[in-house]
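**Student:** need coordinates for the following:
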Amino acid sequence: MAMNFNRKIILEDGQEYYGYAFGAAGDKVLEIVFNTSMVGYQEILSDPSYTDQAVVMTYPLIGNYGMAEDDYESENPSIGALIVREYNDEPSNFRSAATLGDIMKKYNIAGVWGLDTRKLNRSIRDFGSRKALITDAATPREEGLQILKTSSIPTDAVSRVSRKTIQEFPAEQERFHVAAIDCGMKQNIVRSLNKRGCSVTVVPWDTTSKTIRSLKPDGVFISNGPGDPTDVPQTIQAIRELLGTVPIFGICLGHQIISLAYGARTYKLKFGHRGGNHPVKNLETGKIEITSQNHSYAVDKESLAGTPLTVTHINLLDQTIEGVKCDRDAVFSVQYHPESAPGPQDSAYLFDRFIRMMEEGGAQHA
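**Tutor:** Below you'll find the predicted structure:
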């Protein structure tokens, strides 16, 4: 690698960070965010929720265990860029089938390494997520700022990452049939349901409630996904029409969609929650869960007042809403990722709760 920097990041406020290129070439305008996970860069890279985002890793060494065939969370990674302190292009792992950089080239994912990621992450923490241009080191700052000023982040991310057709994922021994709405769903969600005896029919994000009912599911699941939940009114309307007819479980974007379907509001966080170590309090048990998170938006607590939803979980770092439920309709949701990948397994019990709701056929559930 040449000693001279060949890539840089220009932020909206004029800050510049110089580094070296890896992955795909070309200029990109993306929303810059950070992730505090110490492992799991392959799952982060392939999580559709990072569409149109440049993710800065707080852990300094990335790429050292390569990329394993079985660890992808989506077939076609759609993250915008990965920004790291130190990139390792010679992985040591018997499961590794490719380097991180090679996979990033394959899927047109930009990479920058060698910059001061601590300084950059502190900037995101202090001033919030914002637009960033990844470009050649020779690009004049004024030219880069003009590009940022005239560029916008797309709002159709869910439609781009969702499946286009209905797909079946049968369980070895089927107990229940779940219709899962794919807003950018991670594969570990399907695996988590399959191993609990749920055959999963995954449907595109804009599938109507009529089509979902025609599948005769025992329960409906709403997945994670990228972007602003108000950008998917079709999904919100479908859920609104399904409320009270079948048990419903949502995570991350699915949690926000359920809250919007009941008439609550959402808002954008300053820098979001992204990492594998967020403490969440379960208000029903008093226990603290260490959770995996990845989202920019949250449910407005005050807006829940006029709805039948009850708050079940709160984030101990900033007191934001992390879970809601409606016993009357057999509906519940959490803001975090109980399927982890990457992350702890503290919250896997939520899938078991969904199973119990389907066993009871949607009856009142405590």
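**Student:** show me where pLDDT drops low in the stretch 201-350 of the chain?
**Tutor:** The stretch 201-350 of the chain contains residues with pLDDT under 70 at 341, 343.
**Student:** okay, helices next: where are they in it?
**Tutor:** For the stretch 201-350 of the chain, applying DSSP state H, counting those that start in this stretch gives helices covering 209-214, 233-242, 253-261, 349-359.
**Student:** what's the local residue count around the nearest residue to G323 once chain neighbours are set aside?
**Tutor:** Once flanking residues are discounted, G323 sits nearest to H313: 3.2 Å by CB to CB, 6 or more residues apart in numbering. Yep, even glycine has a C-beta here, placed from its N, CA and C like the rest. Residues lying near H313 (other CB atoms under 10 Å) number 27.
**Student:** H313 touches L283, doesn't it?
**Tutor:** Yes - if you go by CB atoms under 8 Å, H313 and L283 touch, sitting 6.4 Å apart.
**Student:** mind checking how far the closest residue in space to S78 that isn't next to it in sequence is from W113?
**Tutor:** Once flanking residues are discounted, S78 sits nearest to T51: 4.4 Å by CB to CB, 6+ apart. Computed as CB to CB, to the nearest Å, the T51 to W113 distance reads 22 Å.
**Student:** circling back: can I get the helices of the stretch 201-350 of the chain in a markdown table with mean neighbour count?
**Tutor:** A markdown table is the format used below for the helices of the stretch 201-350 of the chain (neighbours: other CB atoms under 10 Å):
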| stretch | mean neighbour count |
| --- | --- |
| helix 209-214 | 15 |
| helix 233-242 | 19 |
| helix 253-261 | 28 |
| helix 349-359 | 18 |
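**Student:** which stretch among those comes nearest R328?
**Tutor:** Closest to R328 of the helices of the stretch 201-350 of the chain, according to CB to CB: helix 349-359, at 12.5 Å.
**Student:** by contact count, what packs against that closest one?
**Tutor:** strand 176-182, strand 219-222, strand 248-251, strand 331-334 (3 or more CB pairs under 8 Å, 6 or more residues apart in numbering; DSSP states H and E).
**Student:** dump these to a markdown table, plus mean neighbour count and distance to G40.
**Tutor:** Formatted as a markdown table, those follow (neighbours: other CB atoms under 10 Å; distance: least, CB to CB, whole Å):
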| stretch | mean neighbour count | distance to G40 |
| --- | --- | --- |
| strand 176-182 | 24 | 21 |
| strand 219-222 | 26 | 22 |
| strand 248-251 | 28 | 17 |
| strand 331-334 | 26 | 19 |
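**Student:** save those strands as a markdown table, and put in distance to S96 too.
**Tutor:** Listed next are the helices and strands packed on helix 349-359 as a markdown table, based on distance: least, CB to CB, whole Å:
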| stretch | distance to S96 |
| --- | --- |
| strand 176-182 | 28 |
| strand 219-222 | 32 |
| strand 248-251 | 29 |
| strand 331-334 | 33 |
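**Student:** nearest to K287, out of those strands?
**Tutor:** strand 331-334 (13.7 Å).
**Student:** which helices and strands does that closest one pack with?
**Tutor:** Partner elements for strand 331-334 (3+ CB pairs under 8 Å, 6+ apart): strand 248-251, helix 253-261, strand 310-315, strand 321-326, helix 349-359.
**Student:** now distance to R118 too, for the ones you listed, in CSV please.
**Tutor:** Converted to CSV, the helices and strands packed on strand 331-334 look like this (distance: least, CB to CB, whole Å):
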stretch, distance to R118
strand 248-251, 31
helix 253-261, 30
strand 310-315, 24
strand 321-326, 28
helix 349-359, 34
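**Student:** nearest to T150, out of the ones you listed?
**Tutor:** helix 253-261 (28.5 Å).
**Student:** and for the closest one, what's in contact with it?
**Tutor:** Helix 253-261 has contacts (CB atoms under 8 Å, 6 or more residues apart in numbering) with 49, 158, 181, 183-184, 221-227, 229-230, 232, 235-237, 239-240, 243, 248, 250, 265-266, 295, 297-299, 303-304, 307, 309, 321, 323-324, 331, 333-335.
**Student:** 7 Å instead?
**Tutor:** With CB atoms under 7 Å, 6 or more residues apart in numbering as the test, helix 253-261 has contacts from 183, 222-225, 229-230, 232, 235-236, 239-240, 243, 248, 250, 266, 297, 299, 309, 324, 331, 333-335.
**Student:** stretch 81-94 now?
**Tutor:** 9, 22-23, 28, 30, 45, 54-57, 60-66, 99, 101, 104, 109-113, 117, 134.
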